[in-house]
Structures are given as C-alpha cells and as structure tokens.
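[1] predicted coordinates and the sequence they were generated for:
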Amino acid sequence: MLLAIDWFLIVEKLVLIVIVVMASLLIAMYATYGERKIAAVLQDRRGPNRAGPFGILQPVADGLKLFFKEEIIPNFSSKFLFILGPSLAMLTAIMTGAVVPWGHTIHFFDRDISLQIADVNVGMLYVFAVVSMGVYGIMIGGWASNNKYSLMGGLRAASQIISYELPMGISLIALLMVTGTLSLKEMVVQQQTGYWNIIYQPLGFLIFLICAFAECNRTPFDLAEAENELIGGYHTEYSSMKLGFYLFSEYINMFVSSVIMATLFFGGYDIPFINEADYNQNWMALFGIMMLMTKVVCFIFLFMWVRWTIPRFRYDQLMNLGWRILIPLALVNMLVTGGLVLLKQNHWHF
Amino acid sequence: MGVNMQALTSRLKQVDRRKMSFIERLYLVAIFKGMMITFMHMFKKKPTINYPEKTRPFSPVFRGLHILNRDEEGRENCTACGLCAVACPAEAITMEAAERQTGEENLYREEKYAAKYEINMLRCIFCGLCEEACPKDAIYLSETFAPADYQRKQFIYNKGELLIPHPKEDPEAYKKALGNRVKRESIN
C-alpha cells in the first residue's frame, strides 16, 4: 500500500515550482532589456531596437552570444570552486521565490491550490538565510579565480553585503514587531484587511530599500563591479555563460527583492480599495498576481531609474552610510516601534 | 579674481559656502530632484535618426555617389571624351571608348560612347570636378553615398552600377536616382 501521500499536492507544487522558476528567469531576461531601454530613454537615446520589433528579441541575442563565447577557466584557478561560484549565485537567487505568496488560493478541480510553494512559518528568516548565502557565490568566485583583482572585488562585495545586511535585518525586526508574524502569507493577509505596512513603517521601508539596493549590488552601491574603476570586480576571470550566470543572478536578485519589498510593505498581491472576498476567487487570484507584478515592475523601474541618476559612492562613504547612519537609524526605529507596540498592548489609546 | 576686478562675462558664479541645513544634509531632497531631472528626460525628443530606415536630408549641393546620366529618351549622354578623367585630381576614373554601330541609336546619344566606365570609390574624393568638366551633362554627383562593403574591389564601380535607371522603363527609380540635387554651375 502506498503511503498516505497526497500525490496531487506534489504534482501541483512541482508545477508551481517550474512556473515560478521559469517566470523569474523570464522576468530577469526582460529586466536586462528593460535596463537597456530605460537607460536609453533617460539619456535621450533609443536603446536596442534592431532584434525583432522594438528590439524585443535582444535578450535572446545576448544570451546566445554568451553561450557562443569561449569558455575560459584559468590554469591557476581551483576549478571546482570556480564553477561552484556562479552556480551558487544563481541557485540562491532562484531559491528565494519559494516562500513568496504569489496570489490568492485558487479553486480548481475541487481543490484549493495555494499559490505559494511553501508557507514556511519562518518565511522571512528563510529569505534572509538564502540571501546572505548569495555572498558565498561572489566570494568563492572571486577567490577561486586566483587573481588579485577578482579577490579584491570579491572582498569589496562581501564586506558591503555583510554591512548592509545588519540595518536591513534591524529594520525588519521593527516590521515584525508590528505584524507579529514571520510568515509572508500571513503578512499579506493582514495587509489585506488592514493598512499596508508602509503606513506603519515608513522609515523602516526607506532603510530596507537602501539596503536592498546595496544587497543587489546596484548603483549607487555597485562597488563590487564598478566597471570603470576596478578591472571588472569579482567576475574578472569569468567568461561565457558562467559570467552570464553572475550577471543574470543579479537581475533575478533584483526581481526577488522587488517581490519581497512589495510583499512586506505594499500588500503583496492585495488590490487596494477592493474587498477580494466579494468576487470570484479565481479571477481575483489572477488580478492579484497582476497587481503584485505591477508593484514589482514599479520597483524594478525604480532600481533602474536610480542607477541612471545617482553616481557611485566612494568606498568610505559607503561604509559610513552603512555603519554610522543606517544602523543607528534602524536601531532607533526598532526601539520606537517596540515602545509603541508595548503601549498598545497595554491598552494605551493615542 | 581680485576684489576690484570686474567680470567681463555673465558666467561668474559665487560659490555658496554656507553650512548645509539638516534637510539638505539628508540628501534625500537632492536625490529626488535629480531623479525628477532624469525622469523628465524620458519625454524629450531623441536626436538619433534610425539610419537605414530614415536618412538625414542633404543639402542640395551635397556631392555623393556618381551617376551616369541619360537623356529624356533613355540614351546615354557620355561620349567617352575623357575630360572627367583628366579633371579628376584623385585619378579615380578610367574608361574605354567604342563606336556606336547602326541600330544602337536608341542606346547612345552620339557616335561615340563609353564601353567601359569605372570609378574607384576608395580613391574618389567627391570634389565634383568631373561634373564640372563634363561637356555633355553625362556625369554628376548624386545625393547617395557609398555603402559599406566587405572587399576593396567592390568599391570599383562599373558602368552597370553608375548608370541612372532608364527614364521610360523605370520612371520611378529614375526620379529617385535624380534626387533633389542641384547641379553646380561650372566656374567661369
């Protein structure tokens, strides 16, 4: 006799995993196109418009180009780690999508299908764990290249990411005190009935946003690459699709952190001013996904907009901002929030 | 600049060395202002011209690729006199003359014509002296310019590439090749 395994559940989760991974790859692909297009229009240029109508096939052409490039593994590099680096970067980038609630539960074939791969009750901690593993991809890649420039690029990236993880974490603690849960699904449900968390945590959101920029290695915090200052940062020695993996994982990271920000602070798949329970469940799920994607696209646009506006920080400025401004601010934010929550629990009205 | 000196231009700008206020030191306002500037650039007109699909309008005296002209009935004007080749400072033009046979009156306007006519576009400096030298209005410079190519020998244009389309058989192509260019009057 078969064990009491819900085979349908496994199938539906597998399908969901495939869809989520494919979707994040596709979105990252078109984020590269969007990046180039937005860079162009912000600088009064036209951007890629040769491959297909409006240059829509440009990412495909770029990907093909990377595949056809010569694959170089330096003689003095440690080969295993050299390959592990980009793989790890890609893996951690994709893994985060597992705990994100993408939409309402849908009703299909007499089954309720949750549009979330895993509703982990420590969802937020999981995201943090995976994101901080991403730094290993960069560090290992920089070290395994056996090249001083790569190593320095890797060190810069690692110290930057670790420094900015602290204020990010602290700003989240404040948010967790407000919501009282770590599960992303529950956070969205709370925001559906109440207000979006941005109302309660505006300063926390600002700190989170700045740290997200730093975590994704985006300008003004792109010191890891700094293509016109360093040789090429941690991926100097990389070529072909291994380089492609690094570049690609950055775009996936950007997508994922946009999703996380939308979920944490902007109600996730919640459609504002509409009570979802009044309408058809499946349709609302569809609109919810579209709503989430709209929010994500706005964030991705913000990422790119900032990149083409603000110049890169100097390294000491970067560390100053992280350690001497953001961390104290986040701590104050946490203390004030904690105090207010405590007062509210003791039935103070204000 | 000294205290008593007077600025000769209006570009003089005093450096503001006042201490920044708290709001200014946050930089958030400045960042927002900067982002608005880049955002407004999205709606600006783009100066780029989509080249192969669109071309810039040329001046009416632009000197581009050569064209060997025909008269209204489609007969070639060139009599292979060689004046253009003599006038050419870059020595880019060569030709071979031939005599018109009976029955070829609809092809060539006069008794002598150019059997071969070649211009090396890599040597040509597009000065337009051939056009000025020509007594028969047979060669003139058009509005198009030499397209890129893979081999040097492709830039030696022969008669087939230089001749203007037939005005009766293909009037549209003829008109297009003629363009809006104004032939420069010879200097004398």
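    Alright, I've got the coordinates. From a predicted model like this one, the values you see are computed outputs, not experimental measurements.

[2] count of residues packed around the residue of the stretch 201-350 of chain A found nearest chain B?
    Nearest residue of the stretch 201-350 of chain A to chain B (C-beta to the nearest C-beta) works out as A:T309 at 4.5 Å. From N, CA and C alone the C-beta is placed, and that goes for glycine too. Applying other C-beta atoms under 10 Å in any protein chain shown, we find 20 residues neighbouring A:T309.

[3] so what pLDDT did it get?
    With respect to pLDDT, A:T309 has a value of 91.

[4] now it, what are its backbone angles?
    Phi and psi for A:T309, reported as degrees, to the nearest 10, are phi -120, psi -50.

[5] which ones are touching it?
    Applying C-beta atoms under 8 Å, 6 or more residues apart in numbering or on different chains to A:T309 gives the contacts A:L42, B:I31, B:G34, B:M35, B:I37, B:T38.

[6] that one and A:H107, how far apart?
    45 Å (C-beta to C-beta, to the nearest Å).

[7] coming back round to it: could you find the closest non-adjacent residue to the residue of the stretch 201-350 of chain A closest to chain B?
    Excluding the flanking residues, the one nearest A:T309 by C-beta to C-beta, 6 or more residues apart in numbering or on different chains is B:T38, at 4.5 Å.

[8] wait, that neighbour sits on A:M304?
    No: using C-beta atoms under 8 Å, B:T38 makes no contact with A:M304, being 10.4 Å away.

[9] of the two, who's got more company?
    Per other C-beta under 10 Å, whichever of B:T38 and A:M304 has more neighbours is A:M304, with 21 against 18.

[10] number of residues surrounding residue 79?
    Went with chain A since none was named. Neighbour tally, A:K79, other C-beta under 10 Å: 11.

[11] try again with chain B
    B:T79 has 20 nearby residues by other C-beta under 10 Å.

[12] tell me the contacts of it?
    B:T79 neighbours (C-beta under 8 Å, 6+ apart): B:A97, B:R109, B:E110, B:K112, B:Y113, B:A114, B:K136, B:A138.

[13] just confirm it is within a strand.
    No: using DSSP: H, G, I helix; E, B strand; the rest coil, the assignment for B:T79 is coil, not a strand.

[14] show me where the chain has its strands.
    Because you didn't say which chain, this covers chain A. Using DSSP state E, the strands of chain A run over residues A:106-108, A:111-113.

[15] actually chain B
    B:66-68, B:93-99, B:112-120, B:139-141, B:156-157.

[16] and the second one, what other elements does it pack with?
    With contacts taken as 3 or more C-beta pairs under 8 Å, 6 or more residues apart in numbering or on different chains; DSSP states H and E, strand B:93-99 sits against helix B:83-87, strand B:112-120.

[17] B:L163: which of these is closest?
    strand B:112-120 (8.5 Å; C-beta to C-beta).

[18] need the per-residue pLDDT for the residue nearest to B:E143 when sequence neighbours are not counted.
    In space, and not counting its chain neighbours, B:E143 is closest to B:G179: 4.2 Å by C-beta to C-beta, 6+ apart. Per-residue pLDDT puts B:G179 at 77.

[19] run a quick neighbour tally on the nearest residue to B:A177 once chain neighbours are set aside.
    Distance criterion C-beta to C-beta, 6+ apart; nearest residue to B:A177, sequence neighbours excluded, is B:I164 at 4.9 Å. By other C-beta under 10 Å, 20 other residues sit near B:I164.

[20] same check on A:P59?
    By other C-beta under 10 Å, 22 other residues sit near A:P59.

[21] okay, now the unreliable bits of the chain?
    All of this is about chain A. Residue ranges of chain A with pLDDT under 70: A:1-4, A:349-350.

[22] my bad, chain B
    Looking at chain B by pLDDT under 70, you get B:1-3, B:146, B:183-188.

[23] cheers, nothing more for now.
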